[in-house]
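K.L.:
fold the following for me, if possible:
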Amino acid sequence: MADNMNGLKRTHYCGEVTEIGGEAVVCGFVERVRDKGGVIFIVLRDRTGVVQLAFSDKSDPAVFEKAASCKSEYVLMAKGEVIERESKNDKLKTGHVEIFVNDLRILSKAQTPPFEITNETKVNEELRLKYRYLDLRRAPLQQNIIMRHNIARVTREYFYENGFLEIETPMMMKSTPEGARDYLIPSRIHPGKFYALPQSPQIYKQLLMVAGYDRYIQLARCFRDEDLRADRQPEFTQIDLEMSFVEAEDIQGCVEGFVQRVFKEILNVDVQLPLPRLTFADAMNRYGSDKPDTRFGFEIQDITDTVKDIDFVVFKSAIEEGGSVRAINVKNGAATYTRKEIDKLVEHAKGIGAKGLAYIRWADEPNCSFKKFLGEGDLEKICAAVDAHEGDLVLICADKTKTVLSTLGAIRLICGKRLEVIDENKYNFLWITEMPFFEYDEDNNTWVAAHHPFTMPMDECLEYLDSDPAKVRAKAWDLVLNGTELSSGSIRITDFELQQKMFEALGMTEEEINAKFGFLVEAYRYASPPHGGMGIGLDRLAMIMCKADNLRDVTAFPKVQNASELMSECPSFVDKPNLDVLGIGLLDNEE
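P.N.:
Predicted coordinates:
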């Protein structure tokens, strides 16, 4: 039978026992036991760190016997005198002290865990996720979860200090199109009807502005039924904010202050303001991405004019068809990228959609993959255009400009990682502005909205809404950090007539407008202050600040690639009586 606490109260967390002298009462899990024969040491762990418990022939025999029976992951409470440790460990905050125990309670015994709980582990992640409650005992994950908590704490403090009200919005709402599939909840009381879990609180926070709550903040849970990846989970937390009587620069300035505050307080990193800006067009042309990692170079350069007279069919056909020829100069890349390594890059480019890559590898002398098509001086012109010198690798793509940019953008990142030129201790923020309002859907030969339908077009672009969608830019922006999109924001449409026109431009009928957004459109009839806002991904922010590779490392109970949770084995089947209550039948009811 386990011991009980019998009025004994914890006085210290394990990682806080640093002062020699006096008594301490600590609680935690056994990390390891060392029995030296006549002397026993137990390393006790809690979320703050570890402390060593000591037992010897001077201990009460019953206490010593109990210590000898302890095994890994037992839960203990120990009381004793804090003394100087003979064999010090300078790597630990508590490495110079130990507790000589005079009262030991075994509060809970553990069977042998399925894997050893250590800071560094090579255990299969699936096994660790199946026993997530054990994995969460490891110090690296605990530190991540605690840092995430502190980010949330600083977030609330900052926005409270700046006049924001934290207001909760519904978790069960009307299904409205927001770019991803909804998670649907059947209604028992209204058979055949469904609630949706919010993809974001977008409509509700706009209605709060209509209602006069001019500064809103919420750490909102959001849900999107879309394919998972390293920086995406089906449920996530968004630092959601909305502000009235503001322009884009006001919202961005407020968020810049938050970024500066959270990085200083959590990491002691100074973020210089104002944050740099790039238009969407410049970001795509220079980096091939609307979320560029600017911690290294290898920028894309347009060499179309330089190569237009070269009699190389790959270049000529791309240019004739309205495309372009562009290149990146992988500085000092020739030594790393052998012909075999370049072939891998070519295959990767083809996987993205390009026809391939041409290259100039300048080791001892320039080696050009299309040398036989070059005239006198052509190679020198290309090298000069991209500032290539001995030791460099020039990678060239010729195709539709959209394909060229996305291909070289991806290849740039691969080369940056391969050459280890990315400084992992840098935090490069970047505003991406002047986002395109529409995107062209080549499969359906039509223009579609690039943002939610409440996004305001730039004033000078209103005349092109019907005539030239490609020219329409939005009052929308993204905040990017080290190549990860942290946040999107925009100024909202508040004019009733313009909102109607926007819905029509997106191909929505009057019936569809009323069915999906009727209540919001109706609200605008009663006047609305000008407003806008943003949603900052708390999970992604925590992932970068923790230097984690995956959102799973900053989420207590994450889902895996197929959106299931291995520990609880959800999603799971539901009994037929529960489905009958909801009026739901399954086409394939095999269980």
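
K.L.:
okay, strands next: where are they in the stretch 51-200 of the chain?
P.N.:
75-84, 97-108, 165-166, 184-186, 194-196 (DSSP state E, counting those that start in this stretch).

K.L.:
the second one packs against which elements?
P.N.:
I take that to be strand 97-108. strand 23-35, strand 49-55, helix 61-68, strand 75-84 (3 or more CB pairs under 8 Å, 6 or more residues apart in numbering; DSSP states H and E). C-beta here means a position set from N, CA and C on the backbone, and glycine is covered the same way.

K.L.:
got a list of contacts for that strand?
P.N.:
Outside strand 97-108, the residues that touch it by CB atoms under 8 Å, 6 or more residues apart in numbering are 2-6, 8, 17-20, 24, 26-27, 41, 51-56, 58-60, 63, 66-67, 69-70, 74-85.

K.L.:
buried subset of the residues you listed, written for PyMOL?
P.N.:
Selection of the buried residues among these in PyMOL, burial being defined by 16 or more other CB atoms under 10 Å:
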select buried, resi 17+24+26+27+41+51+52+53+54+55+59+63+66+67+70+74+75+76+77+78+79+80+82+85
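
K.L.:
picking that back up, of the helices and strands packed on strand 97-108, which approaches residue 246 most closely?
P.N.:
Nearest of the helices and strands packed on strand 97-108 to residue 246, taken as CB to CB: strand 49-55 at 44.3 Å.

K.L.:
tell me the strands beside that closest one, with direction?
P.N.:
Sheet pairing for strand 49-55, assigned by DSSP bridges, gives strand 40-46 (antiparallel), strand 97-108 (parallel).

K.L.:
that one vs strand 75-84, what angle?
P.N.:
80 degrees (axes from the mean of the first three to the mean of the last three CA atoms, to 10 degrees).

K.L.:
could you export strand 49-55 as CSV, CA atoms only?
P.N.:
The C-alpha coordinates for strand 49-55 follow below in CSV (Å, rounded to 0.1, in the frame of the first residue of the first chain):
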residue,chain,number,x,y,z
GLY,A,49,14.5,20.2,-12.5
VAL,A,50,16.2,17.6,-10.4
VAL,A,51,17.7,17.3,-6.9
GLN,A,52,19.7,14.5,-5.3
LEU,A,53,18.4,12.6,-2.3
ALA,A,54,21.0,10.9,-0.1
PHE,A,55,20.7,8.0,2.3
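
K.L.:
among the strands paired with strand 49-55, which is the most enclosed?
P.N.:
Mean neighbours per residue, mean count of other CB atoms under 10 Å, is largest over those for strand 40-46, with a mean of 22.

K.L.:
still on that earlier bit, columns distance to residue 347 on top of the helices and strands packed on strand 97-108, output as a markdown table?
P.N.:
Below are the helices and strands packed on strand 97-108 laid out as a markdown table (distance: least, CB to CB, whole Å):
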| stretch | distance to residue 347 |
| --- | --- |
| strand 23-35 | 47 |
| strand 49-55 | 47 |
| helix 61-68 | 60 |
| strand 75-84 | 53 |
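
K.L.:
what about the nearest residue to residue 311 once chain neighbours are set aside, how many residues nearby?
P.N.:
Closest residue to residue 311 apart from its sequence neighbours, by CB to CB, 6 or more residues apart in numbering: residue 373 at 5.6 Å. For residue 373, the count of nearby residues is 17 (other CB atoms under 10 Å).

K.L.:
do you know how far residue 373 is from residue 251?
P.N.:
Residue 373 is 52 Å from residue 251, where distance means CB to CB, to the nearest Å.

K.L.:
same thing with residue 335?
P.N.:
Counting by CB to CB, the separation of residue 335 from residue 251 is 46 Å.

K.L.:
just residue 532 next, same as before
P.N.:
For residue 532 relative to residue 251 (CB to CB), the value is 5 Å.

K.L.:
then residue 23?
P.N.:
Distance from residue 23 to residue 251, by CB to CB: 54 Å.

K.L.:
higher neighbour count, these two?
P.N.:
Remark: of residue 23 and residue 251, residue 251 carries more neighbours, 21 against 13, as counted by other CB under 10 Å.

K.L.:
am I right that that one is in contact with residue 536?
P.N.:
No - assessed by CB atoms under 8 Å, residue 251 is found out of contact with residue 536, at 11.3 Å.

K.L.:
any residues in contact with both of these two?
P.N.:
Common neighbours of residue 251 and residue 536 (criterion: CB under 8 Å, 6+ apart): residue 241.

K.L.:
quick one: contacts of the lowest-mean-pLDDT helix or strand in the chain?
P.N.:
Confidence across the helices and strands of the chain bottoms out at strand 446-449, with a mean of 73, counting by mean pLDDT, DSSP states H and E. Outside of strand 446-449, the residues within contact range by CB under 8 Å, 6+ apart are 437, 438, 439, 440, 441, 455, 469, 470, 506, 507.

K.L.:
so what strands line up beside that strand?
P.N.:
Note on strand 446-449: by DSSP bridges, its sheet partners are strand 438-441 (antiparallel).

K.L.:
quick one: mean pLDDT over the partner strand.
P.N.:
Average pLDDT, strand 438-441: 78.

K.L.:
buried set for that strand?
P.N.:
For strand 438-441, a neighbour-count test (16+ other CB under 10 Å) marks residue 438 as buried.

K.L.:
got the CA positions of that strand in CSV?
P.N.:
Extracted in CSV, the C-alpha atoms of strand 438-441 (Å, rounded to 0.1, in the frame of the first residue of the first chain):
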residue,chain,number,x,y,z
PHE,A,438,-7.3,37.3,-56.4
GLU,A,439,-5.5,34.2,-57.4
TYR,A,440,-5.9,32.6,-60.9
ASP,A,441,-7.2,29.0,-60.8
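
K.L.:
how far is that strand from where the chain is centred?
P.N.:
Centre-to-centre, strand 438-441 and its host chain are 25 Å apart (CA atoms, centre = their mean, to the nearest Å).

K.L.:
quick one: residues contacting residue 315.
P.N.:
Contacts for residue 315 (CB under 8 Å, 6+ apart) come out as 307, 308, 325, 398.
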